[in-house]
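# Structure of the sequence below:
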Amino acid sequence: MLAGKFLKFLGLILMLIVGLIFHACTPEALNEEVTKKLHSNALVWDCHNDLAYRVLYEGLNIGDRLPAGHVDIPRLQEGEVDVQVVALFVQNYMYPDHAARQCFQLIEAMTKAVDKNTEAVEIARTGADIERIVSQGKIAMPLSIEGGHAIEDSLDNLHQFQKLGVSSMTLAHGISHGWADSSGDKPLWDGINDFGSLVVKEMNNIGMVIDVSHVSDAAFYDVLEVSEDPVICSHSGCRALNPHHRNITDDMLCALAENGGVIGIVFELGYLSPEYLKARSEQRAIARPVFNKVPVIEDLDLRIAVEHLDQGRDWPLEDLPTIEDLLDHIDHAVNIAGVDHVGLGADMYPRTPSPVGIRGVQDYPNITRGLKKRGYSDEDVKKIMGGNFLRVWKKVTDK
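Next up is the predicted model:
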């Protein structure tokens, strides 16, 4: 009797083993292994993230798996991300007298954070830096100023930032300033003025990547007319899918492609989905009058820290856009600009929700998987995941 039970048990074990072997050999399982290998072999590049604010205002170690949020070294390693561009976002109200100071603070904070984790990450300024760092099995972190108002209308400040390791700069953020107009503010110059043209030319001369996310449409075209190098939209979407002023039109996509540049498709929920944008605008219309009654904090550093910790308070948490919405923007940009001119620029912030299917950088393999499901070739997936941005960085910075 015991022998019979043993034989029955042995038979069940054999059936289980055969089942596992069969499952491992199914087309779905084989395709998944191929996709994982593709993602591992690709250069994975996210062109925009606000990690620097967590480092400066929360004092966190990027080598730890941080509480909540979207990016840190463990998450980057889990998602096999090779290049994480870190935005040095300078608050618009710091201009004209305190913007450069905040930028220097952010550079110092990120430099110290990276120095504590040299076994895993290194700041990169040039394309050659990036290739060397990645070849060593480490994560490259280029630094990018978000908002040209940070230079306080001074080419000397621009040079200092570049010497401290900054490799790119978004020419505007939420305000039109001394030389460039923002898409989020009334125009001062109908594009960029003469000094703005000097900034663009000087960035060409010293090998800094020009970023035209956030600038007005007129400024976008002015920059492309002046720049001799390819430019990028580090974190923007497609206006044809969502008519947000931060997204760019099909004509702008075509002009960017003619320039040789790249758009990093943004993950920010309000830029991805018009339905979510509408819901968020309605919620903010209710919340803002209440928030505006809170007295303004006079200490600028404390004000920025409190605002940072308070981000996401008026973002709806239902009906979130998904990874499919993100892939739709990639598809549209590829169809209009061509596959050589599209990449990823998440703009995920630690206290705002992200698209369903992308909890953080650890889920970037889901993008590779989604692109393959939509019929992209391995070569084209590699271009979108990071190859296109590397091409621009090498062209502009390796001088």
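# Show me where the stretch 251-399 of the chain has its strands.
Using DSSP state E, counting those that start in this stretch, the strands of the stretch 251-399 of the chain run over residues 262-265, 342-344.
# Packed most tightly, which of those strands would that be?
strand 262-265 (a mean of 30; mean count of other C-beta atoms under 10 Å). Glycine gets a C-beta too; all of them are placed from N, C-alpha and C.
# if we can go back for a sec, mind giving me a markdown table with the strands of the stretch 251-399 of the chain and columns for distance to C103?
Putting the strands of the stretch 251-399 of the chain into a markdown table (distance: least, C-beta to C-beta, whole Å) gives the following:
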| stretch | distance to C103 |
| --- | --- |
| strand 262-265 | 21 |
| strand 342-344 | 24 |
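# Export those as TSV, with columns for mean pLDDT.
TSV is the format used below for the strands of the stretch 251-399 of the chain (pLDDT from 0 to 100):
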stretch	mean pLDDT
strand 262-265	99
strand 342-344	99
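# Spit out the contact partners of the one residue sitting closest to the centre of the chain.
Centroid check for the chain by C-alpha atoms, centre = their mean gives H48 as the closest residue, at 2.5 Å. Neighbour list for H48: V85, A87, S144, E146, S213, S234, H235, G264, V266, G345, A346, D347 [criterion: C-beta atoms under 8 Å, 6 or more residues apart in numbering].
# Could you measure from it over to Q84?
9 Å (C-beta to C-beta, to the nearest Å).
# Now for the chain, the helix or strand with the poorest mean pLDDT.
Taking mean pLDDT, DSSP states H and E as the measure, the chain has helix 2-24 as its least confident helix or strand, at a mean of 48.
# Now for S182: which residues touch it?
Per C-beta under 8 Å, 6+ apart, neighbours of S182: A172, H173, G174, I175, S176, H214, V215, S216, A219.
# For E28, give its distance to T35.
E28 sits 11 Å away from T35, taking C-beta to C-beta as the criterion.
# And for D194?
Separation of D194 from T35 (C-beta to C-beta) stands at 50 Å.
# Comparing the two, which shows the higher neighbour count?
Between D194 and T35, T35 has the larger neighbour count (other C-beta atoms under 10 Å), namely 20 against 8.
# could you say what helices and strands the host helix or strand of that one packs with?
Using DSSP states H and E, the element containing T35 is helix 27-41. Here helix 27-41 touches helix 365-373, helix 378-382, going by 3 or more C-beta pairs under 8 Å, 6 or more residues apart in numbering; DSSP states H and E.
# Direction-wise, compare the first one with helix 27-41 and give the angle.
When you say that, I think you mean helix 365-373. Helix 365-373 runs at 120 degrees relative to helix 27-41, counting by axes from the mean of the first three to the mean of the last three C-alpha atoms, to 10 degrees.
# need the contact list for the residue lying closest to G260 once chain neighbours are set aside.
Among residues not flanking G260 along the chain, P230 sits closest, at 3.8 Å (C-beta to C-beta, 6 or more residues apart in numbering). By C-beta under 8 Å, 6+ apart, the contact list for P230 reads N259, G260, G261, V262, V392, K395, V396.
# quick one: P230 from H177, how far?
On the measure of C-beta to C-beta, P230 and H177 end up 24 Å apart.
# Likewise for N157?
Distance from N157 to H177, by C-beta to C-beta: 13 Å.
# What of M94?
Using C-beta to C-beta, M94 is found at 11 Å from H177.
# Flag the shaky bits of the stretch 1-150 of the chain, pLDDT-wise.
Residue ranges of the stretch 1-150 of the chain with pLDDT under 70: 1-27, 30.
# all helices in it, in order from the N-terminus.
Secondary structure of the stretch 1-150 of the chain by DSSP state H, counting those that start in this stretch: the helices cover 2-24, 27-41, 51-58, 73-78, 99-115, 127-135.
# just the stretch 251-399 of the chain next, same as before
269-272, 274-291, 300-309, 323-337, 365-373, 378-382, 388-397.
# For L56, find the nearest of the ones you listed.
Closest approach to L56 among the helices of the stretch 251-399 of the chain is made by helix 300-309 (8.4 Å; C-beta to C-beta).
# buried set for the closest one?
By 16 or more other C-beta atoms under 10 Å, the buried positions in helix 300-309 come out as I304, A305, H308.
# My read is that the first one contacts A99, right?
No - if you go by C-beta atoms under 8 Å, I304 and A99 don't touch, sitting 11.7 Å apart.
# Which neighbours do these two have in common?
Counting by C-beta under 8 Å, 6+ apart, the common neighbours of I304 and A99 are Q91.
# Run through the residues that contact the closest residue to D250 other than its chain neighbours.
Excluding the flanking residues, the one nearest D250 by C-beta to C-beta, 6+ apart is I336, at 4.9 Å. When contacts are counted by C-beta under 8 Å, 6+ apart, I336 touches C238, A240, D250, L253, C254, A257.
# E119 now?
Residues near E119 by C-beta under 8 Å, 6+ apart: K138.
# coming back round to it: send the alpha carbons of the helix holding T35 over as CSV?
C-alpha atoms of helix 27-41 as CSV (Å, rounded to 0.1, in the frame of the first residue of the first chain):
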residue,chain,number,x,y,z
PRO,A,27,6.2,30.7,-27.4
GLU,A,28,5.1,33.1,-24.7
ALA,A,29,7.8,32.1,-22.3
LEU,A,30,10.4,32.1,-25.0
ASN,A,31,9.4,35.6,-26.1
GLU,A,32,9.6,36.8,-22.6
GLU,A,33,13.1,35.6,-22.3
VAL,A,34,14.0,37.2,-25.6
THR,A,35,12.5,40.5,-24.4
LYS,A,36,14.4,40.4,-21.1
LYS,A,37,17.6,39.8,-23.0
LEU,A,38,16.8,42.7,-25.3
HIS,A,39,16.2,45.1,-22.4
SER,A,40,19.5,44.0,-20.7
ASN,A,41,21.4,44.5,-23.9
